[in-house]
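Undergrad: coordinates only, sequence not included:
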Ligand code: HEM
């Protein structure tokens with residue numbers, strides 16, 4: 001089970017051509033894989049190993065961030081922190097993401113989705129990523145953060161390089177494009193947050209949105225620092241928009257590829273949540289994210305030295321035959337509650353806080369597509385996303401009558 005037997009890395013084209021086969025090889029031949037590409041790290045691919053590691057935050061720390069690069073500890077919120085700090089931040093921030101807050105957005109998201117589909121009414125083809133899957137979550141992000149909707153194109157131009165940086169050894173310093181995206185983000189949001197703070201202090205026309213609540217939420221009598229709010233907004237923009245965009249594209253792609261399943265769904269809309277969950281299981285929008293071990297770990301005979309970056313491959317856990325029957329079959333008739341145990345939103349303390357929101361966006365998008373564009377079908381090969389840890393498309397050509 002040496003890490004030398006199989007060549008896997010997020011920068012390897014072979015992996016992106018057929019991730020499921022590479023993940024199966026890893027599970028079968030090399031469940032603790034090591035590579036030096038693009039920087040030394042290990043990868044866990046068995047569901048049991050991933051879920052038990054993610055439930056043991058003492059050993060598998062998030063303090064150096066969820067990417068391959070070692071980020072500066074202590075400045076990130078939630079996803080880059082460990083208990084007890086993480087627990088306190090999570091209690092404070094999860095109030096903002098309560099189900100009741102998310103449910104209130106349902107009508108607005110449905111209206112937005114219908115308006116986007118209205119724009120397609122006179123056409124018979126389009127790119128579902130550009131026309132629907134990207135603008136829905138980005139617009140919702142503008143609502144949450146109180147920024148003008150017109151800026152969604154600008155935000156997307158930062159989100160893609162920022163997402164790519166997760167699998168780069170140098171993280172934010174990886175390339176001129178990545179650095180420029182971060183710089184533009186920090187300038188824009190630094191200014192935006194400052195203006196919002198002034199409004200809060202003067203108590204004038206303060207929007208009751210996520211940003212205001214982030215700036216005012218207290219835990220043990222303390223508010224979050226400016227740096228943490230800025231870092232959290234940056235994380236949210238990437239974590240909350242591109243992932244949901246990929247999910248919407250992925251579910252439609254698989255349904256178009258499996259016409260019988262698509263027809264079954266059109267005949268029974270109650271299967272929409274199953275289709276979303278099965279898509280999340282089958283095509284995890286985030287292949288995997290990293291932890292750093294706080295002590296030496298011996299797993300399947302492989303020594304993982306302390307302070308190694310270790311990728312938890314969610315996408316592989318979702319295809320592990322020890323857990324899933326017929327894991328390589330896309331099947332929307334699987335049991336919904338069993339399906340929800342997929343690892344695509346993470347596992348344990350860092351389980352995705354935005355899961356209810358992205359599920360809602362996905363359900364609304366899919367329902368609107370089925371109702372308003374029932375004859376939708378593929379119109380050429382989609383273009384895969386270029387971000388190493390992400391799975392999905394940057395463009396998905398479709399046609400309808
Ligand atoms: C299909 C869409 C999404 C996917 C696949 C996804 C995936 C994930 C994953 C895998 C994690 C765990 C990170 C880790 O263990 O290190 C996570 C955490 C998180 N996600 Fe999502 N996410 C999605 C949508 C969203 C949305 C829409 C939001 C918010 C608007 C969001 C906010 C968060 C937050 C705040 C965390 C950190 C939780 C913590 O560390 O306690 N996500 N997400």
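TA: Received it, and whenever you're ready, just let me know what you need. As the structure is a prediction and not an experimental result, all values here were calculated from the model.

Undergrad: and whichever residue of the stretch 151-300 of the chain sits closest to the ligand, what does it touch?
TA: As assessed by C-beta to the nearest ligand atom, the ligand sits closest to residue 240 within the stretch 151-300 of the chain, at 3.0 Å. For glycine as for every other residue, the C-beta is placed from the backbone atoms N, C-alpha and C. Under the criterion of C-beta atoms under 8 Å, 6 or more residues apart in numbering, the contact list for residue 240 reads 137, 140-141, 144, 354, 357-358.

Undergrad: next step: those restricted to helices.
TA: Members of these lying in helices (criterion: DSSP state H): 137, 140-141, 144, 357-358.

Undergrad: okay, and the helix or strand of the chain with the least pLDDT?
TA: When each helix and strand of the chain is scored by mean pLDDT, DSSP states H and E, strand 218-219 comes last, with a mean of 75.

Undergrad: and the spatially most central residue of the chain, which of the three is it?
TA: Note on the chain: the residue nearest the mean C-alpha position is residue 243, at 3.6 Å, using C-alpha atoms, centre = their mean. Put simply, residue 243 is helix when judged by DSSP: H, G, I helix; E, B strand; the rest coil.

Undergrad: I'd like the next helix or strand past the host helix or strand of residue 159.
TA: Using DSSP states H and E, residue 159 sits within helix 152-165. Once the chain leaves helix 152-165, the next helix or strand it forms, by DSSP H and E, is helix 176-202.

Undergrad: quick check: next helix or strand after that following helix?
TA: Counting by DSSP H and E, the element after helix 176-202 in chain order, helix or strand, is helix 210-216.

Undergrad: counting by contacts, list what the least confident helix or strand of the chain packs against.
TA: With contacts taken as 3 or more C-beta pairs under 8 Å, 6 or more residues apart in numbering; DSSP states H and E, strand 218-219 sits against helix 85-94.

Undergrad: quick one: average pLDDT of the helix it packs on?
TA: In this model, helix 85-94 has an average pLDDT of 88.

Undergrad: following element in sequence after it, please.
TA: Sequence order places helix 99-103 as the next helix or strand after helix 85-94, per DSSP H and E.

Undergrad: which parts of that following helix are buried?
TA: Of all the residues in helix 99-103, those buried under the rule 16 or more other C-beta atoms under 10 Å are residue 102.

Undergrad: what does the helix or strand just after that helix contact?
TA: Moving toward the C-terminus from helix 99-103, the next helix or strand (DSSP H and E) is helix 106-118. For helix 106-118, contacts defined as C-beta under 8 Å, 6+ apart pick out 131-132, 135-136, 139-140, 143, 360-361, 364-365, 368-369, 372-373.

Undergrad: helices and strands around the helix or strand just after helix 106-118, which ones?
TA: Next helix or strand after helix 106-118 toward the C-terminus (DSSP H and E): strand 125-127. Packed against strand 125-127 by the contact rule (3+ C-beta pairs under 8 Å, 6+ apart) you find strand 397-399.

Undergrad: quick one: mean pLDDT for the strand it packs on?
TA: 98.

Undergrad: ditto for stretch 29-46
TA: Averaged across stretch 29-46, pLDDT comes to 96.

Undergrad: check whether that stretch contacts the ligand.
TA: No: Stretch 29-46 does not reach the ligand (C-beta under 6 Å from any ligand atom); its nearest approach is 12.9 Å.

Undergrad: next, the buried residues of that stretch.
TA: 30-35, 38-39, 41-46.

Undergrad: tell me the residues of the stretch 101-250 of the chain that contact the ligand?
TA: For the stretch 101-250 of the chain, the residues in contact with the ligand (C-beta under 6 Å from any ligand atom) are 236, 239-240, 243-244, 247.

Undergrad: let's see 5 Å
TA: Proximity of the stretch 101-250 of the chain to the ligand is confined to 239-240, 243-244, 247 under the rule C-beta under 5 Å from any ligand atom.

Undergrad: give me the residue from the protein nearest the ligand.
TA: Nearest to the ligand in the chain, going by C-beta to the nearest ligand atom, is residue 354, at a distance of 1.9 Å.

Undergrad: find the nearest non-adjacent residue to that residue, please.
TA: Once flanking residues are discounted, residue 354 sits nearest to residue 240: 5.0 Å by C-beta to C-beta, 6 or more residues apart in numbering.
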